[in-house]
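Asks: Compute the structure for the input listed below.
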Amino acid sequence: MRILVLGRGKTGALVAEVAKERGHEVRSLTSTENQDGRGLTPELLRQIDVVIDFTTPHAVIPNIINCVEGGAPIVVGTTGWHQHIGKVQELVKERKAAFLYGSNFSVGMNFFFKAIQAVAPALKKGYRANIVEKHHVHKKDKPSGSAVTIQKTLQADSGQPVEVTSLREGETVGMHLVVLDSPNDTILLTHDAKSRMGFAEGAVRAAEWIKGRTGFYEFPDVVDQV
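Replies: Residues are numbered from 1 along each chain as shown. This is a model prediction of the structure:
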């Protein structure tokens with residue numbers, strides 16, 4: 001498969017490495033080569049089977065638009081842009097394109113999301129919830145996309161506000177702690193990423209899955225299939 005990776009940061013570089021190890025032909029574009037998505041020409045996209053984006057919240061929207069309009073399936077691991085999801089979904093539907101995004105492409109983290117869904121009803125039984133997330137100092141968005149996903153899951157049924165505390169420290173890959181507290185006991189759920197390898201492997205598997213499909217997908221909805 002011919003994969004184009006957008007972004008050569010720590011995760012983007014690892015995605016390219018994993019894709020090559022899995023037998024794919026890989027090309028990459030840096031931010032200087034693709035300012036405002038201008039590097040994603042129709043000629044280039046015709047040579048690509050799937051695009052994987054690990055860039056920045058500022059860069060990702062032009063990349064999405066150009067890929068969708070150019071007919072290239074795109075997997076988006078960048079976070080911090082989700083306020084535009086409705087418009088992206090409309091564009092994907094209009095163009096009959098292929099689009100898959102996730103706040104976290106770690107398979108383990110997506111099972112953690114399922115665990116959060118399972119305990120969320122506790123908020124209607126006298127529990128209060130708080131989230132603590134810690135990432136490296138270079139992370140652009142705060143709170144993390146994963147923390148926002150957890151927050152929305154916990155708030156969905158109960159309507160209770162859930163506070164997120166964000167910490168930026170050293171080269172921390174990513175840690176999420178969920179505390180459900182009641183007068184009688186405390187429930188603690190933690191996911192602590194040991195490396196970025198889980199994110200990279202999940203993104204490449206998502207790219208393999210979406211090739212040949214059309215539609216608008218979120219990684220938690222397909223994680224059992226990849």
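
Asks: what's the following helix or strand after the helix or strand containing Ala203?
Replies: Ala203 is part of helix 197-210 when elements are defined by DSSP states H and E. Later in the chain than helix 197-210, the nearest helix or strand by DSSP H and E is strand 215-218.

Asks: That following strand pairs with which strands, parallel or anti?
Replies: Looking at strand 215-218 with DSSP bridges, its partner strands are strand 98-101 (parallel).

Asks: Compute the inter-axis angle for the helix or strand following the strand it pairs with and helix 197-210.
Replies: Sequence order places helix 107-119 as the next helix or strand after strand 98-101, per DSSP H and E. With axes from the mean of the first three to the mean of the last three Cα atoms, to 10 degrees defining the directions, helix 107-119 sits at 90 degrees from helix 197-210.

Asks: all helices for the protein, in order.
Replies: 10-21, 42-45, 57-70, 85-95, 107-119, 145-158, 197-210, 219-222 (DSSP state H).

Asks: Quick one: end-to-end length of stretch 120-130, please.
Replies: This stretch, stretch 120-130, spans 12 Å end to end (Cα to Cα, to the nearest Å).

Asks: Then stretch 46-60?
Replies: Terminal-residue distance, stretch 46-60 (Cα to Cα): 20 Å.

Asks: What score does the closest residue to Thr79 other than its chain neighbours have for pLDDT?
Replies: Spatial nearest neighbour of Thr79, excluding adjacent residues (Cβ to Cβ, 6 or more residues apart in numbering): Gly145 at 2.9 Å. For glycine as for every other residue, the C-beta is placed from the backbone atoms N, C-alpha and C. We note a pLDDT of 89 for Gly145 in this prediction.

Asks: Over to the one 5 residues further on?
Replies: On the pLDDT scale, Ile150 is placed at 96.

Asks: I figured it hits Lys114, correct?
Replies: No. Between Ile150 and Lys114 no contact is recorded; they are 11.4 Å apart, counting by Cβ atoms under 8 Å.

Asks: more neighbours, those two?
Replies: Neighbours were counted for Ile150 and for Lys114 using other Cβ atoms under 10 Å; Ile150 has more, 30 against 12.

Asks: Relative to Ala120, how far out is that one?
Replies: According to Cβ to Cβ, to the nearest Å, Ile150 stands 9 Å off from Ala120.

Asks: Name the spans of this structure whose pLDDT lies under the cut-off.
Replies: Within the chain, no stretch has pLDDT under 70.

Asks: what's the domain layout of the chain?
Replies: Structural domains annotated on the chain: 2-105+197-225, 107-192, as defined by automatic domain parsing.

Asks: Deepest-packed of those domains, please.
Replies: Mean neighbours per residue, mean count of other Cβ atoms under 10 Å, is largest over these for domain 2-105+197-225, with a mean of 19.

Asks: Quote the end-to-end distance of that domain.
Replies: End-to-end distance for domain 2-105+197-225: 21 Å, by Cα to Cα.

Asks: quick one: the closest residue to Tyr101 other than its chain neighbours from Leu123, how far?
Replies: In space, Tyr101 comes closest to Val76 once its chain neighbours are excluded; the distance is 4.1 Å by Cβ to Cβ, 6+ apart. For Val76, the distance to Leu123 (Cβ to Cβ) stands at 30 Å.

Asks: ok, Gln151 - contacts?
Replies: Residues in contact with Gln151 (Cβ atoms under 8 Å, 6 or more residues apart in numbering) are 131, 143, 162, 164.

Asks: The third one against Gln155, yeah?
Replies: Yes. A contact is recorded between Val162 and Gln155 when judged using Cβ under 8 Å, the distance being 5.4 Å.
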